[in-house]
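Asker: Quick one, fold the following:
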Amino acid sequence: MISRFERFSFAMFEITRYWHKISSDEMARFGLKGQHSVYLMTLFNHPDGITAARLSELCSKDKSDVSRMMSIMEERGLVKKEAVNGSNYRARLSLTKLGMEAAEHVEQRARLAVDLAGGWMSEETRNEFYHVLEKIASNLQAICEGGLPE
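Answerer: Down below sits the predicted model:
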């Protein structure tokens with residue numbers, strides 16, 4: 001019999017794996033990898049722009065990853081960097097018009113994927129499902145920060 005831990009871990013792994021595959025397929029049309037989608041969508045949700053440090057926090061990625069990804073997205077014409085007081089220190093990153101179009105496309109495709117995957121759920125079931133996922137994530141974060149009790 002499969003334990004709760006194995007069942008939970010396997011389901012989370014499968015969801016993550018398939019989500020990354022869908023993300024990679026959708027981002028390929030822009031010459032990007034699936035991992036760019038988190039940055040694209042985060043910038044989409046901050047139309048006035050944000051700093052690389054804030055983007056790093058919001059995406060839970062290290063600053064070197066943000067820097068690499070933003071350089072690639074800037075080369076593709078999706079992201080622009082606006083200097084502050086003539087300096088790139090604390091420069092604001094935002095989407096270009098092309099970046100906004102790409103983000104809108106990816107957001108629509110992500111919504112379609114989520115609808116197809118969970119469209120069978122009632123609104124009540126969906127709300128409970130997200131509540132449970134958020135609680136598990138919060139509890140696991142607390143465990144990571146404080147360590148497992150002895």
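
Asker: and the residue nearest to the spatial centre of the chain, what element?
Answerer: The residue lying closest to the centre of the chain (Cα atoms, centre = their mean) is Val38, at 3.0 Å. Counting by DSSP states H and E, the secondary-structure element that holds Val38 is helix 36-44.

Asker: Pull out the CA atoms of that helix and give them to me as PDB.
Answerer: What follows is helix 36-44, C-alpha atoms only, in PDB (Å, rounded to 0.1, in the frame of the first residue of the first chain):
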ATOM      1  CA  HIS A  36      11.100  32.200 -18.100                       C
ATOM      2  CA  SER A  37       7.300  32.000 -17.600                       C
ATOM      3  CA  VAL A  38       7.500  32.800 -13.900                       C
ATOM      4  CA  TYR A  39       9.400  36.000 -14.600                       C
ATOM      5  CA  LEU A  40       7.100  36.900 -17.500                       C
ATOM      6  CA  MET A  41       4.000  36.500 -15.400                       C
ATOM      7  CA  THR A  42       5.500  38.300 -12.400                       C
ATOM      8  CA  LEU A  43       6.400  41.300 -14.500                       C
ATOM      9  CA  PHE A  44       3.000  41.200 -16.100                       C
END
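
Asker: Could you look up the next helix or strand downstream of it?
Answerer: strand 50-51.

Asker: So what touches that next one?
Answerer: 42-43, 58, 90-94 (Cβ atoms under 8 Å, 6 or more residues apart in numbering). In short, each C-beta sits where N, CA and C put it, glycine included.

Asker: Same list (these) but as JSON lines, adding pLDDT, neighbour count and secondary structure.
Answerer: Converted to JSON lines, these look like this (pLDDT from 0 to 100; neighbours: other Cβ atoms under 10 Å; DSSP: H, G, I helix; E, B strand; the rest coil):
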{"residue": "Thr42", "pLDDT": "96", "neighbour count": "17", "secondary structure": "helix"}
{"residue": "Leu43", "pLDDT": "97", "neighbour count": "24", "secondary structure": "helix"}
{"residue": "Leu58", "pLDDT": "94", "neighbour count": "16", "secondary structure": "helix"}
{"residue": "Arg90", "pLDDT": "81", "neighbour count": "12", "secondary structure": "strand"}
{"residue": "Ala91", "pLDDT": "87", "neighbour count": "17", "secondary structure": "strand"}
{"residue": "Arg92", "pLDDT": "93", "neighbour count": "16", "secondary structure": "strand"}
{"residue": "Leu93", "pLDDT": "95", "neighbour count": "23", "secondary structure": "strand"}
{"residue": "Ser94", "pLDDT": "96", "neighbour count": "18", "secondary structure": "strand"}
